[in-house]
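1. Got a predicted model here, sequence first, then my questions.
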Amino acid sequence: MALLEICCYGLTCAKAAQQAGADRIELCSAPKEGGLTPSAGVLKAVRKEVTLPVHPIVRPRGGDFCYSQAEFSTMLDDIAFLRDLGFPGLVIGMLNEEGGVDRDKMQQVMRAAPGMAITFHRAFDMCANPLIALEELTDLGVARILTSGQQASAEKGISLITELKQRSRAPIIMAGAGVRLNNMETFIAAGVDELHSSAGRYTPSPMRYRHAGVSMSADTDADEYSRYEVDPQAVTAMKAALTRAVS
């Protein structure tokens, strides 16, 4: 049966995903940036209160995945912090200026995280040659690759996802981006081993007083009074669909 990983943005989301039947959690902050490194407080709380395998993302900023040496130094410090807290894995990805895997930095990541399962995230979908990247990541020893098949959604990229799965000598190919209950049959039929979903929804803020016309976001159209969270019913339904597929 395919494994279901849920992307969670905080302790409340992680606990909801666990209770709803997720198999593993990717822990992030900043959903509108596509996921950044969680705070120390969140990491400690999740490590204490969630028993599922949790793999935090190590990503210091939004935007591309070509990091300066200063940025990379902070990432290595974050990895050491995760390792010392006892997380079983982490999620990371970095490219060089030409769109290839930054092998030197990734080698340092692998050395900094002994015994941890490393997922190379959707930086893979921004690389110049996914088949070369697959071989490089295999040689580096990463555990899995999260990918949409270099398309806007994993459903649209299913052809490349299937090819990667067939070609992979070691890393698990995990499909992510737009994975929902209504398209899971596509991934089940393709024999995808792991699925990644936010299973998310926006809920209104409990604030009654709302100061209109002022935004704390760079996106001036952002709704300051809605919050992103895991939908536990969606997680349960997705897990049930995976279970039915093998029964």
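-> Structure's in. What do you need? Numbering: from 1, shown residues only.
2. which residues does the residue nearest the centre of the chain bridge with?
-> Centroid check for the chain by CA atoms, centre = their mean gives residue 26 as the closest residue, at 5.1 Å. Beta-bridge partners of residue 26, counted by DSSP bridges, are residue 7, residue 55.
3. what residues does the longest helix seen in the chain touch?
-> The longest helix of the chain (DSSP state H) is helix 69-85. Under the contact criterion CB atoms under 8 Å, 6 or more residues apart in numbering, helix 69-85 has outside partners 37, 40, 43-44, 47, 56, 58, 60-61, 67, 90, 92, 94, 105, 108-109, 112-114, 116. For glycine as for every other residue, the C-beta is placed from the backbone atoms N, C-alpha and C.
4. Derive a PyMOL selection command for the buried subset of these.
-> To isolate the buried ones among these in PyMOL, judged by 16 or more other CB atoms under 10 Å, type:
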select buried, resi 37+43+56+58+67+90+92+94+105+108+109+112+113+116
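5. Which of the contacts of helix 69-85 fall in helices?
-> Using DSSP H, those in helices are 40, 43, 44, 47, 105, 108, 109, 112.
6. From residue 225, how far off is the residue lying farthest from the centre of the chain?
-> Here the chain reaches farthest from its C-alpha mean at residue 209, the gap being 34.3 Å by CA atoms, centre = their mean. Using CB to CB, to the nearest Å, we find residue 209 at a distance of 10 Å from residue 225.
7. Please apply the same query to residue 172.
-> 39 Å.
8. Compare these two (neighbour count), which wins?
-> Neighbour totals were compared for residue 172 and residue 225, and residue 172 leads with 17 against 13 (other CB atoms under 10 Å).
9. What's the per-residue pLDDT of the more buried one here?
-> pLDDT recorded at residue 172 is 98.
10. Let me see the ranges of the helices in this structure.
-> Under DSSP H, the chain gives helices at 11-20, 40-49, 69-85, 103-112, 130-140, 158-167, 184-189, 232-245.
11. Look at residue 242 and say how many residues are nearby.
-> 18.
12. Tell me which residues touch it, please.
-> 1, 2, 4, 184, 188, 195.
13. Could you list which residues are in contact with residue 125?
-> Neighbouring residues of residue 125 by CB under 8 Å, 6+ apart: 147, 148, 149, 150, 151, 157, 177.
14. count of residues packed around the closest residue to it other than its chain neighbours?
-> With sequence-adjacent residues excluded and distances taken as CB to CB, 6 or more residues apart in numbering, residue 125 is closest to residue 150, at 4.8 Å. Other residues lying near residue 150 total 16 when counted by other CB under 10 Å.
15. How about the one 4 residues further on?
-> Each residue near residue 154 was counted by other CB under 10 Å, and the total is 29.
16. measure it to residue 199 for me?
-> Using CB to CB, residue 154 is found at 14 Å from residue 199.
17. Quickly note the distance from residue 120 to residue 65.
-> 10 Å.
18. if you count what's nearby, which of the two comes out ahead?
-> residue 120 (27 against 20).
19. still on that earlier bit, quick one: pLDDT of the residue nearest to residue 125?
-> At residue 150, the pLDDT value in this model is 98.
20. tell me the contacts of it?
-> Residues in contact with residue 150 (CB under 8 Å, 6+ apart) are 124, 125, 130, 157, 160.
21. need these in JSON lines with distance to residue 203 and pLDDT, can you?
-> Shown next, in JSON lines, are the contacts of residue 150 (distance: CB to CB, whole Å; pLDDT from 0 to 100):
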{"residue": "124", "distance to residue 203": "31", "pLDDT": "98"}
{"residue": "125", "distance to residue 203": "29", "pLDDT": "98"}
{"residue": "130", "distance to residue 203": "36", "pLDDT": "98"}
{"residue": "157", "distance to residue 203": "30", "pLDDT": "98"}
{"residue": "160", "distance to residue 203": "34", "pLDDT": "98"}
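22. hmm, which of those are the buried ones?
-> 124, 125, 130, 157, 160.
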